[in-house]
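Trainee: sequence below, structure please.
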Amino acid sequence: MIEGIAAYPAFTTALNGLAALLALGVVTWVLSVIKRDVSIVDSVWSMLILLGAVVYAWALPADAPRTVLVMALAVVWALRLCAYITWRNWGEPEDRRYQDIRARNQPRFEWKTLYLVFGVQAVLAWVVSLSLLAALSSARPWGWLDTLGVAIILFGIVFETIGDFQLAAFKAEPQNRGRVMDRGLWRYTRHPNYFGEFCVWWGFYVIALSAGGWWTVVSPLLMSILLLKVSGVTLLEKDIAERRPTYRDYIARTNAFFPWAPKS
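Mentor: Alright, predicted model coming up:
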């Protein structure tokens, strides 16, 4: 930042956003203890980020040129992702990833998840939301970078939505039980949903960049690391080839993340 973060006009608003996200994290934690299912944090992830955007938009000038469009895109992204994950997980047992965390953190796992899962996710969501803060707080006029950012965001939302729909339709067919999904977008990338998320957050950063928030590059960088190295590709594929041997062939012919023609 040019004058340091303490001098940034939206600094107090950013801290208010962090407080709101932590509060929602605590509420979600309480629900997880009642349900004995930490997986609900996945449904709330996008709502944490959206809550940050709502706090920023509420506190900052309403006549900022990007307010309406950035908020509309954030709402569409967040509600779609929350609805899909909630529908996908409805009636299912706790996700295997969280079962592993539960097994490693006994006793008093319920208390530990307050900071190990919900606190950490709230802070990560806050960092990701900083691109939205920069976009919503600037009075700079709309420019070509804004238009480019919107196009990238829309592409990402459509890409991940198609990928999720194709996978859900594939799993709904009984004859596909135990088979690897390698059709549609999944023929070109093993994780079209993650690639779509990647596009969405680099798109929001392009808008933030147009608004003067170059420093918020930490937002898409963090999201990229999460998708590629932490809770995304690396974690999901850690032992999948051992559990599903046919997945090895899929790995051999299909890019992990960025879409490309399958290898012969």
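
Trainee: just checking, what packs against the helix or strand containing residue 209?
Mentor: Assigning secondary structure by DSSP states H and E places residue 209 in helix 192-210. For helix 192-210, the packing partners by 3 or more C-beta pairs under 8 Å, 6 or more residues apart in numbering; DSSP states H and E come out as helix 67-89, helix 130-137, helix 144-172, helix 218-225. Any C-beta I mention is one placed from the backbone N, CA and C, and that applies to glycine too.

Trainee: any chance of these in TSV, plus mean pLDDT?
Mentor: Rendered in TSV, the data for the helices and strands packed on helix 192-210 read as follows (pLDDT from 0 to 100):
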stretch	mean pLDDT
helix 67-89	96
helix 130-137	94
helix 144-172	97
helix 218-225	96
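
Trainee: alpha carbons of the helix holding residue 209, as PDB, please.
Mentor: The C-alpha trace of helix 192-210 is given here as PDB (Å, rounded to 0.1, in the frame of the first residue of the first chain):
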ATOM      1  CA  PRO A 192     -13.100 -27.900 -13.100                       C
ATOM      2  CA  ASN A 193     -14.800 -26.700 -10.000                       C
ATOM      3  CA  TYR A 194     -11.500 -25.500  -8.500                       C
ATOM      4  CA  PHE A 195     -10.400 -24.000 -11.700                       C
ATOM      5  CA  GLY A 196     -13.600 -22.000 -11.900                       C
ATOM      6  CA  GLU A 197     -13.000 -20.800  -8.300                       C
ATOM      7  CA  PHE A 198      -9.500 -19.800  -9.400                       C
ATOM      8  CA  CYS A 199     -10.900 -17.700 -12.200                       C
ATOM      9  CA  VAL A 200     -13.500 -16.000 -10.000                       C
ATOM     10  CA  TRP A 201     -11.000 -14.700  -7.500                       C
ATOM     11  CA  TRP A 202      -8.400 -13.600 -10.000                       C
ATOM     12  CA  GLY A 203     -11.400 -11.800 -11.700                       C
ATOM     13  CA  PHE A 204     -12.200 -10.000  -8.500                       C
ATOM     14  CA  TYR A 205      -8.600  -9.000  -8.100                       C
ATOM     15  CA  VAL A 206      -8.500  -7.500 -11.600                       C
ATOM     16  CA  ILE A 207     -11.400  -5.300 -10.500                       C
ATOM     17  CA  ALA A 208      -9.600  -4.400  -7.300                       C
ATOM     18  CA  LEU A 209      -6.500  -3.600  -9.300                       C
ATOM     19  CA  SER A 210      -8.500  -1.200 -11.400                       C
END
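
Trainee: three-state assignment of residue 263?
Mentor: coil (DSSP: H, G, I helix; E, B strand; the rest coil).

Trainee: the helix holding residue 209: how far from the chain's middle?
Mentor: Centroid displacement of helix 192-210 relative to its chain, using C-alpha atoms, centre = their mean, to the nearest Å, is 10 Å.
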